[in-house]
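Undergrad: Structure, please.
(one chain, ligands or ions: 1)
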Amino acid sequence: MTEPNSLDTGGPTDDCIQPYMIDKTGLHGRMVKLGPSVDAILSRHGYPDAVQYMLAEMLALCAGLAAALKFDGVFTLQTKGDGPVPMMVADVTSDGKMRGYAQIKGEVPPLHEAIAAPIPKLLGEGYMAFTVDQGDKMERYQGIVALEGATVAECVQRYFEQSDQFASAVNLSAGRRPDGTIGAAALLVQRLPEEGGDKSIGYADQDAWQRAMVLLKSAKPEEMLDPDLIPNELLFRLFHEDGVRVFPARAITEECRCSREKIENVLKSLEPGSMEDLKTDDGTYEVTCEFCSRTEVFTDADLGHTSA
Ligand SMILES: [Zn+2]
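TA: Model prediction:
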């Protein structure tokens, strides 16, 4: 007997967050699928593949976690460690604008060496932090977890186990598509019902939770990254026996929030003497955005410095 299913075969294919609900258990989740957006972010940097794939997974995870929260501002996922990639940052605004970068210091191991255990090989020892910034007057929520486990998914899974806010399971994937561009995907299922949901579901039904986790983790990288397999189809493939329903998808776009004006204001707040590092041979100041690699050039006159 087949349950009627409200899942249609339409829906967005790429650069989207697709929320869903598993009918029989009331569990909620999201699939994040990133294509051109994540490829554009990475193509500005030229990182080694091992770093690109890890940042791509972080971006998908960041979008998936942000979508679980009600906020108006910026959700940031950041790692700090003592490995060859001391810092990675991914952030997304509540209206779906995403950006990210990695800092590289030292020798990054080749992909085939790093792929099985990117956390210790690339990031080393340190932590992963989650922040919500809603402007000066609002509270910043911060969660933190040690960089433990082999992969980003394993590390964040440890965080979920300690966290009420993100009691979730996750499956992450990043890699090259057949056309050579980079794609990434995140599948998340959340253990607590959404606000206003049925509180009797969630922690109560351990079997349903275990089953959802197993199904979620059964999605293979080639399925998650397949540009021709839309999120709705994969969700149906995974959860159809328990009935799966989707809600309107949200778009993700890649867009940096830097501006010449913001950089100018920062520079104007500095003592001219402390800006020697930014000074070029022709006496101008050059600042490059770490996120989008855009460079802005300022003269002393731009910054209101009195000439010597
Ligand atoms: Zn920028």
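Undergrad: Dig out what the closest residue to the ion within the stretch 1-150 of the chain forms beta bridges with.
TA: The nearest approach of the stretch 1-150 of the chain to the ion comes at residue 99, 6.9 Å away (Cβ to the ion). Any C-beta I mention is one placed from the backbone N, CA and C, and that applies to glycine too. When bridges are called by DSSP bridges, residue 99 pairs up with residue 91.
Undergrad: you'd agree it is up against residue 255?
TA: Yes: with contact defined as Cβ atoms under 8 Å, residue 99 counts as touching residue 255 (6.9 Å).
Undergrad: where do the helices sit along this protein?
TA: Taking DSSP state H, the helices of the chain run over residues 36-43, 49-66, 111-114, 118, 152-162, 206-217, 221-225, 231-239, 260-268.
Undergrad: Any chance of these in CSV with mean pLDDT as columns?
TA: As requested, the helices of the chain are exported to CSV (pLDDT from 0 to 100):
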stretch, mean pLDDT
helix 36-43, 97
helix 49-66, 97
helix 111-114, 95
helix 118, 96
helix 152-162, 91
helix 206-217, 90
helix 221-225, 96
helix 231-239, 95
helix 260-268, 91
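Undergrad: Most tightly packed of those helices?
TA: helix 49-66 (a mean of 26; mean count of other Cβ atoms under 10 Å).
Undergrad: can you give me how far that helix is from the chain middle?
TA: 5 Å (Cα atoms, centre = their mean, to the nearest Å).
Undergrad: Tell me how many other residues surround the residue of the stretch 1-150 of the chain closest to the ion.
TA: 24 (other Cβ atoms under 10 Å).
Undergrad: Contacts only, for it.
TA: 41, 90, 91, 92, 254, 255, 256, 257, 291, 292 (Cβ atoms under 8 Å, 6 or more residues apart in numbering).
Undergrad: In terms of pLDDT, where does the closest residue in space to the first one that isn't next to it in sequence sit?
TA: Okay, so that is residue 41. For residue 41, the nearest residue in space outside its immediate sequence neighbours is residue 254; the separation is 5.1 Å by Cβ to Cβ, 6 or more residues apart in numbering. With respect to pLDDT, residue 254 has a value of 97.
Undergrad: shouldn't residue 254 be in contact with residue 37?
TA: Yes: counting by Cβ under 8 Å, residue 254 does reach residue 37; the two are 4.1 Å apart.
Undergrad: what's the overlap in contacts for the two?
TA: residue 98.
Undergrad: still on that earlier bit, mind checking the helices of the chain for the one nearest to residue 181?
TA: Smallest distance to residue 181 across the helices of the chain (Cβ to Cβ): 4.2 Å, for helix 36-43.
Undergrad: just to revisit the earlier point, for the residue nearest to residue 41, give the beta-bridge partners.
TA: In beta-bridge terms (that is, DSSP bridges), residue 254 pairs with residue 98.
Undergrad: who's in contact with it?
TA: 37, 38, 40, 41, 97, 98, 99.
Undergrad: what about 6 Å?
TA: Neighbouring residues of residue 254 by Cβ atoms under 6 Å, 6 or more residues apart in numbering: 37, 40, 41, 98.
Undergrad: which of those residues sit farthest apart?
TA: 40 and 98 (10.0 Å).
Undergrad: where does this structure come near the ion, residue by residue?
TA: Applying Cβ under 5 Å from the ion, we find that the chain lies next to the ion at 256, 258, 289, 291, 292.
Undergrad: Looks like the first one contacts residue 291 (just checking).
TA: Meaning residue 256. Yes: contact criterion Cβ atoms under 6 Å: residue 256 and residue 291 qualify, at 4.8 Å.
Undergrad: before we move on, back to that, distance to residue 125 added to the helices of the chain, as a markdown table?
TA: Output for these, formatted as a markdown table (distance: least, Cβ to Cβ, whole Å):
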| stretch | distance to residue 125 |
| --- | --- |
| helix 36-43 | 25 |
| helix 49-66 | 16 |
| helix 111-114 | 16 |
| helix 118 | 14 |
| helix 152-162 | 12 |
| helix 206-217 | 26 |
| helix 221-225 | 27 |
| helix 231-239 | 35 |
| helix 260-268 | 31 |
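Undergrad: For residue 20, find the nearest of these.
TA: helix 231-239 (5.2 Å).
Undergrad: residues making contact with the closest one?
TA: Taking Cβ under 6 Å, 6+ apart as the rule, helix 231-239 contacts 7, 11, 18, 20, 22, 31, 33, 215, 219, 223, 244, 246.
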